[in-house]
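In: Pasting the sequence and the predicted coordinates here, then a few questions.
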Amino acid sequence: MLGLNYYHIKKNILQARKLVIKSTSLAGSGHPGGSFSMAEILGCLFYKHLRFDPKNPTWEDRDRLVLSKGHASPGLFSNMAVAGYFPESELETLRKFESRLQGHPDLKCPGVEFCGGSLGTGLSYSIGIALAAKIDNKSHHVYTIIGDGESDEGQIWEAAMTAAKYKLDNLTVFLDRNFIQQDSYTEQVMPLDEELIGDDISEMWKDASRWKTGDKWRSFGWNVLEIDGHRIEQIDGAIKKANQTKGVPTIIICRTIKGNAVEHMEDNPQWHGKAPDLDIVPLINLELDAQFMIAPSIIAGDMTNLENEVKRCVNGRADYIHLDVMDGHFVPAKTFDYNKIKELRPLTLIPFDAHLMISQPLRHLRDYVDAGSDIITVHAEVCDESSFGEISDVLKQNQVSVGLAINPETDLPPWSYQFLPKLDQLIVMSVVPGKSGQKYIPETHEKMRYLDPILKENNFRGYIEADGGVNLENVGSCYADGARSFVGGSAIIGQHNVREAIREFRHKVLRRRRKNLLEQAHKFGGSELVNKWIGLHVVGKKKEKITKIAQEEGLI
Ligand code: DX5
Ligand code: ZN
């Protein structure tokens, strides 16, 4: 089984999001909200599943990507730039006269398949391409992204009947189900699920029994898959399932958040079609750089029933699952090996983050890949330039993300510098590896500060994972040190309620992130910018919470 290509996809999505912000802010208009709700969908397509050649955009056998909700063109163009169709700098011409990159996709831009200006028509167009492919006996696939506001158009439902009638199994539709259209919430304008009484969109999220969109498509004869549209592994899994489904078209209903990844844009109808101000852009970029993941370590649980520990991670909504492999040699203890990982793999799609505390990582590397690891981290103490080079190559070839770990007493070895630009994950151990439940070594903070310039100078663009003794007291400072993924053994899996523990971890990190962003706002533009930043957070209780932090820190 191949890996998920997790960090590769993630890094490209991040870059694409930054380009959306850059291009819309420079244009002074555009649609960031809907570009961000479909960001992960496009990421999984462009960097994993879609067959295309940016140097030959009209290649006959390419898969076709139809962006029916064409107002989200900044999202499409940004990914096309990251994927190599044109230089990223061209995004600066968005919505300008003479530019190929307009407010809606246009065929004059090579690689664009469809002019998505009028909503409701892209699915019909896709049916045409898919039918033609069948007639011509071609194996390429058609992927179409429609919006939920767009689903008000009757033509969508005519197309739904048609695709089922012609058994278009070469067509996969993504519904970007973000619950918001131009003027308001979809469930108020024209409900696809149940009508929303009142103004609190979170009501719709809480109660899955109110979701009726899937039933509608099912009744039209479609294969319906329903997923969290921001989780890479779920999108990947759904695309694979869709490709295996014969005789019917598939729709993947992706529950998404409009403006996802920028707090003040999230779930806020204002950001459907509005560009961020230029003075806010640096803060948004910092926020985008500060997305984080929580990774419970299952060895802190019942070692005789790791299956159950994985289930607890799934119920707890872990971002990925940290698997501590110990061989009884590199560290005195023994936990499990690739055979166990293979047994656990069918239980969940959540990425497996395998931390190999073993003496000869190269020897069994392929077994760990085949077992279904998505991220594999090996220790610098047992590698050298040549073995790590080989490890890195094998992992990249198999779409497994590459991690390097150093023990508390280990410095980053000079041979590793050359690998830093391509390294996906770095673990700076904050306990002596060997068991869970140890105390966080406070000197790790100092080590992180020392490593920071080295990593910058050597173009490290990966994610730092904090591992060992991380808990609610220190997770904020680990974030401040630069860590973006957080392993929790005893502080998460060791707790009775894993879901609650993960939620608290997230709150702690989020609080630290908000504080950090306020400090940066103050640095860039004093209390005026701080107030402006706070004022953007209009949905829910965010403004109150952020104001409180700003007051506590004396920033306003
Ligand atoms: C240590 C492992 C850690 C550890 C995490 O050898 O790599 O992942 O088990 O557990 P806690 O959070 O309890 O230190
Ligand atoms: Zn670990």
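Out: Okay, I see it. Residues are numbered from 1 along each chain as shown. Ligands and ions are numbered 1, 2, ... in the order given.
In: Walk me through the domains of the protein.
Out: 11-270, 290-496 (automatic domain parsing).
In: how long is the last one end to end?
Out: By that I understand domain 290-496. 29 Å (CA to CA, to the nearest Å).
In: average pLDDT for it?
Out: On average, the pLDDT along domain 290-496 is 98.
In: Could you give the separation of it from the chain centroid?
Out: 19 Å (CA atoms, centre = their mean, to the nearest Å).
In: just the longest one next, same as before
Out: Here the centre of mass of C-alpha atoms in domain 11-270, compared against the chain's by CA atoms, centre = their mean, lies 16 Å away.
In: how about the domains of the chain, which one is nearest Leu529?
Out: Between Leu529 and the domains of the chain, the shortest gap by CB to CB is with domain 11-270, which sits at 13.4 Å. Placement of C-beta: from N, CA and C, glycine included.
In: could you list every residue that touches the residue in the chain positioned nearest to ligand 1?
Out: Of all residues in the chain, the one sitting closest to ligand 1 is Gly489 (2.1 Å; CB to the nearest ligand atom). Going by CB atoms under 8 Å, 6 or more residues apart in numbering, Gly489 touches Pro296, Ser297, Ile299, Ala300, His322, Asp324, Ser436, Gly437.
In: export the domains of the chain to JSON lines and tack on distance to Val509?
Out: Shown next, in JSON lines, are these (distance: least, CB to CB, whole Å):
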{"stretch": "domain 11-270", "distance to Val509": "13"}
{"stretch": "domain 290-496", "distance to Val509": "5"}
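In: between the ones you listed, which one is nearest to ligand 2?
Out: Of all those, it is domain 290-496 that lies closest to ligand 2, at 3.7 Å by CB to the ion.
In: Can you say which of the contacts of Gly489 are buried?
Out: Pro296, Ser297, Ile299, Ala300, His322, Asp324, Ser436 (16 or more other CB atoms under 10 Å).
In: near ligand 1, which residues of the chain show up?
Out: Residues of the chain lying close to ligand 1 by CB under 6 Å from any ligand atom are 297, 299-300, 322, 324, 355, 431, 433-434, 436-438, 467-470, 487-491.
In: Select from those every entry located in helices.
Out: Among those, DSSP state H puts none in helices.
In: What about the residues you listed, which are in strands?
Out: Of these, the ones assigned to strands by DSSP state E are His322, Asp324, His355, Asp467, Val487, Gly488.
In: which of the residues you listed sit farthest apart?
Out: Most distant of these, by CB to CB, are His355 and Gly488, 13.2 Å apart.
In: Spell out the residue ranges of the helices in the stretch 351-500 of the chain.
Out: 365-370, 385-397, 443-457, 475-480, 498-536 (DSSP state H, counting those that start in this stretch).
In: Using a markdown table, lay out the ones you listed together with mean neighbour count and distance to ligand 2.
Out: Below are those laid out as a markdown table (neighbours: other CB atoms under 10 Å; distance: least, CB to the ion, whole Å):
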| stretch | mean neighbour count | distance to ligand 2 |
| --- | --- | --- |
| helix 365-370 | 18 | 14 |
| helix 385-397 | 16 | 17 |
| helix 443-457 | 14 | 14 |
| helix 475-480 | 22 | 14 |
| helix 498-536 | 18 | 16 |
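In: would you list those helices in CSV and tack on distance to Ile232?
Out: Below are those laid out as CSV (distance: least, CB to CB, whole Å):
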stretch, distance to Ile232
helix 365-370, 18
helix 385-397, 17
helix 443-457, 24
helix 475-480, 21
helix 498-536, 18
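In: Could you verify that Glu40 is part of a helix?
Out: Yes: under DSSP: H, G, I helix; E, B strand; the rest coil, Glu40 falls within a helix.
In: mind listing what it touches?
Out: Shown in contact with Glu40 (CB under 8 Å, 6+ apart): Ile13, Gly229, His230, Arg231, Ile232, Ile235, Thr256.
In: Leaving out chain neighbours, which residue sits closest to it?
Out: Leaving aside its sequence neighbours, Glu40 sits nearest to His230 (CB to CB, 6 or more residues apart in numbering; 5.0 Å).
In: Of the domains of the chain, which is nearest Glu528?
Out: domain 11-270 (16.7 Å).
In: mind listing the strands for the stretch 251-400 of the chain?
Out: For the stretch 251-400 of the chain, applying DSSP state E, counting those that start in this stretch gives strands covering 293-296, 321-326, 352-357, 375-379.
In: Next, the residue of the chain most remote from its centre: phi, psi?
Out: Distance to the chain centre peaks in the chain at Ile135, reaching 36.6 Å (criterion: CA atoms, centre = their mean). The phi/psi pair for Ile135 (degrees, to the nearest 10) reads phi -60, psi -40.
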